[in-house]
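1. pasting the sequence and the predicted model now:
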Amino acid sequence: MSANARSHDFFAKGNGRNAWLTLMIPAIFALALYCVPLPQDHVLSIHESVLPQTARTMSHNGDWLIPRRDAIAPWLENPPLPQWVTIALCTLADTCSQAWVARLATGITGALVVLLVTLMAARLFGNAVGLLSGLTMATSYEVVRYATLAEDEIFLALTSATAMTCFVFAEFGMSKTYSSEPILNRGGASRVWGSRPWLIVAFFATAGLTNLTKGMGFGPMMVLIPVFCFVLLSWNRARFRRYLWAFGVLIFLLIGLWWPVAVILKIPGALEVWVYDLFGRASGDYALMSKPFWYYGIALAQVTAPWILLAPLAFVATWREAFYNRHSPERFLWVWALSVPLVLSFFSGKHHHYLLHCVAPWSILAALGLRHLGCRFAVITRSPKAATAVLFGFLAVIYGVLLSTHKTVHHEDGVFLRKVAKTFPSGPFLVDQSVTDLHKGFQVQFYLPDRHTRGLHNLSFLRSSEITQDRVYVITEHGRRGELTHFGDTRLLLQSEKTGRQEGPDTLLTLFELTYHQDLERVATAKLRITPMQAMYRSPGPVLE
């Protein structure tokens with residue numbers, strides 16, 4: 001760190017306690033920003049509805065192991081750690097039926113991610129860069145987006161950031177003078193079965209925890225890719241052997257695999273879903289997400305906006321250390337920032353939110369670029385705190401306005417469902433889960449009273465003997481009214497003005513009153529099993545005949 005740069009480390013003075021309190025500022029700022037849209041209670045989108053609805057179902061049925069779409073169908077797209085966290089907050093709020101609870105959970109999670117990035121950057125480059133890194137992370141587009149949505153992406157950002165924080169604190173000391181020897185490798189603790197420092201233990205444990213947060217195998221990749229690449233590129237035999245630890249691998253496997261193993265033993269066909277998701281994305285069989293190799297090069301600009309503009313300055317300021325000092329923080333940032341997008345580019349299935357988990361190094365690079373730029377202006381040099389407050393306050397106002405006014409494309413359906421719940425509070429409601437949008441059923445069920453609502457895998461399940469009422473309310477697409485007539489007499493009661501991105505009157509979400517035919521043959525469904533692939537409509541059936 002140059003003398004000029006040190007002069008701008010305006011948190012260098014003061015005791016350690018005050019410095020640590022100062023490093024909390026970005027997380028507090030982030031939490032305040034992410035809570036801005038909560039009072040508006042915006043309608044959940046169909047993707048947002050998955051986490052709150054599966055959490056509510058899990059809370060009501062008491063099955064803490066298996067997330068479920070409804071009482072019958074398992075929903076094994078992702079592990080249940082986000083549901084557990086959401087339910088914990090629901091317990092404190094005494095409700096699992098309000099969208100703001102799930103959004104508050106993601107907001108708190110996002111603020112914790114910001115705190116960890118602040119601590120990592122402070123460890124690597126000092127408190128001033130730590131503060132700026134936290135603020136740039138808090139205001140990066142993709143972070144703001146997923147810290148204010150009731151989705152599980154931000155939870156993986158937290159577990160992966162926790163693992164990377166353990167790695168940073170294990171690898172890099174408090175001094176800017178870094179040796180090529182492992183800092184915490186004292187006492188000869190490098191044998192495969194030997195002991196390791198607690199930070200190394202925590203690294204393996206939190207790396208395993210990432211596998212309980214999102215799709216099988218994906219979470220650990222967000223940690224192991226940059227760590228492996230950095231250890232390899234900064235080659236040191238002692239350092240490499242420190243992570244070649246049998247007990248660490250065992251800890252990683254025990255934490256990361258206990259849930260999938262338990263689910264495989266309990267739910268036949270669970271493994272098929274995960275193999276389809278993981279290898280389908282890699283091979284291109286998952287056609288809906290297939291993107292060209294260069295996709296992440298463009299997506300990165302969106303994910304890290306607006307701070308990607310400072311990346312060239314950061315690279316100019318850090319390239320010498322990154323290239324010539326094999327164990328420098330600069331090289332670590334370069335490897336972390338570039339390795340994840342590069343490796344993921346070889347997978348055919350791509351999505352911009354996969355890059356959310358590598359925004360952290362880009363935020364720290366942006367902070368270095370911002371400091372490098374600020375040193376060129378006398379007004380910033382004289383009042384760095386004021387300049388920082390003005391810049392990020394301005395961004396907070398812009399984000400606040402956008403967050404307060406944004407409406408999802410599924411807003412009209414939410415208005416319709418709220419009206420349905422208010423008009424017919426006791427139901428009983430039967431929700432057709434097989435409508436065109438895969439996740440639409442989650443949104444429908446979330447906005448209806450849980451005690452009076454039942455999911456239908458498809459309309460043939462209207463034959464279920466578990467349905468004992470003679471008259472029910474069925475929510476499905478308008479174009480499926482003809483199918484309903486096979487089961488009874490129908491009457492259209494209410495209809496949504498617009499359903500998602502679907503076009504045409506037949507796709508409009510509609511409430512029908514269905515009065516059953518007296519002679520309708522019923523089918524017992526108490527022992528029926530819907531496989532995980534069928535629950536996600538990736539395999540046909542079952543159909544009640």
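-> Arrived safely. Model, not experiment: these values are computed from the prediction.
2. the helices in the stretch 401-545 of the chain, which residues?
-> Assigned by DSSP state H, counting those that start in this stretch, the stretch 401-545 of the chain shows helices spanning 411-423, 440-446, 481-484, 532-535.
3. check which helices and strands the first one is in contact with.
-> Packed against helix 411-423 by the contact rule (3 or more C-beta pairs under 8 Å, 6 or more residues apart in numbering; DSSP states H and E) you find helix 440-446, strand 488-495, strand 509-516. Placement of C-beta: from N, CA and C, glycine included.
4. of all the residues in the last one, which ones are buried?
-> The neighbour-count check on strand 509-516 (16 or more other C-beta atoms under 10 Å) flags 509-514, 516 as buried.
5. do the first one as well
-> For helix 440-446, a neighbour-count test (16+ other C-beta under 10 Å) marks 440-446 as buried.
6. likewise for stretch 162-170?
-> 162-170.
7. for stretch 265-276, same thing?
-> So for stretch 265-276, counting by 16+ other C-beta under 10 Å, buried means 267, 269-270, 273-274, 276.
8. again, but for stretch 53-70
-> Under the neighbour-count criterion of 16+ other C-beta under 10 Å, stretch 53-70 has 53-59, 66-70 buried.
9. which of the buried residues of stretch 265-276 lies closest to Cys358?
-> Cys358 lies nearest to Trp274 out of the buried residues of stretch 265-276, by C-beta to C-beta, at 22.6 Å.
10. from Val275, how far off is the closest residue to that closest one other than its chain neighbours?
-> Nearest residue to Trp274 in three dimensions, chain neighbours excluded: Met216, at 4.2 Å (C-beta to C-beta, 6 or more residues apart in numbering). Met216 sits 9 Å away from Val275, going by C-beta to C-beta, to the nearest Å.
11. out of the buried residues of strand 509-516, which is nearest to Val223?
-> Relative to Val223, the closest of these is Leu509; by C-beta to C-beta it sits at 40.7 Å.
12. got a list of what the closest one touches?
-> The neighbours of Leu509, taking C-beta atoms under 8 Å, 6 or more residues apart in numbering as the test, are 413, 416-417, 435, 440, 444, 475-478, 495-496, 499.
13. and the residues you listed, which is closest to Asn325?
-> When those are compared against Asn325 (criterion: C-beta to C-beta), the nearest one is Lys440, at 53.0 Å.
14. list the contacts for the closest one?
-> The contact partners of Lys440, by C-beta under 8 Å, 6+ apart, come to 46, 413, 499-500, 509.
15. recalculate using a threshold of 10 Å.
-> Lys440 makes contacts with 46, 49, 410, 413, 431-434, 475, 477, 499-500, 502, 509, as judged by C-beta atoms under 10 Å, 6 or more residues apart in numbering.
16. min pLDDT across those residues, which one?
-> Least confident of those in the model: Gln502, at 79.
17. that one - nearest residue in space that isn't next to it in sequence?
-> Leaving aside its chain neighbours, Gln502 sits nearest to Thr436 (5.9 Å; criterion: C-beta to C-beta, 6+ apart).
18. work out which residue lies at the spatial centre of this protein.
-> The chain has Glu153 as the residue nearest its centroid, 0.7 Å off, counting by C-alpha atoms, centre = their mean.
19. just checking, it touches Gly219?
-> No. Applying C-beta atoms under 10 Å, one finds Glu153 not in contact with Gly219, separated by 11.0 Å.
20. joint contacts of the two?
-> Applying C-beta under 10 Å, 6+ apart, one finds that Glu153 and Gly219 are jointly contacted by 78, 213, 357.
21. what number of residues lie near the first one?
-> Okay, so that is Asn78. A count of nearby residues for Asn78, using other C-beta atoms under 10 Å, gives 25.
22. that older thread, closest to Ala207 among the buried residues of helix 440-446?
-> Taking C-beta to C-beta as the measure, Phe442 is the one of the buried residues of helix 440-446 closest to Ala207, at 30.0 Å.
23. so that closest one is in contact with Val50, correct?
-> Yes. Using C-beta under 10 Å, Phe442 is in contact with Val50, at 5.0 Å.
24. tell me the helix or strand right after the helix or strand bottoming out on mean pLDDT in the chain.
-> Every helix and strand in the chain was compared by mean pLDDT, DSSP states H and E; the lowest is helix 3-6, with a mean of 38. Following helix 3-6 in sequence order, the next helix or strand is helix 16-22 (DSSP states H and E).
25. pLDDT averaged over that following helix - what is it?
-> Averaging pLDDT along helix 16-22 gives 73.
26. which helices and strands does it pack with?
-> Packed against helix 16-22 by the contact rule (3 or more C-beta pairs under 10 Å, 6 or more residues apart in numbering; DSSP states H and E) you find helix 99-125, helix 127-138.
27. tabulate those in TSV, adding columns for mean neighbour count.
-> As requested, the helices and strands packed on helix 16-22 are arranged in TSV below (neighbours: other C-beta atoms under 10 Å):
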stretch	mean neighbour count
helix 99-125	25
helix 127-138	28
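28. so which of those is nearest Lys385?
-> The closest of these to Lys385 is helix 127-138. By C-beta to C-beta, the value is 9.6 Å.
29. can you pull out the helices in the stretch 51-200 of the chain?
-> Along the stretch 51-200 of the chain, the segments classed as helices by DSSP H, counting those that start in this stretch run 81-93, 99-125, 127-138, 141-147, 153-171, 198-209.
30. flag the shaky bits of the chain, pLDDT-wise.
-> Along the chain, segments meeting pLDDT under 70 span 1-17, 174-190, 280-289.
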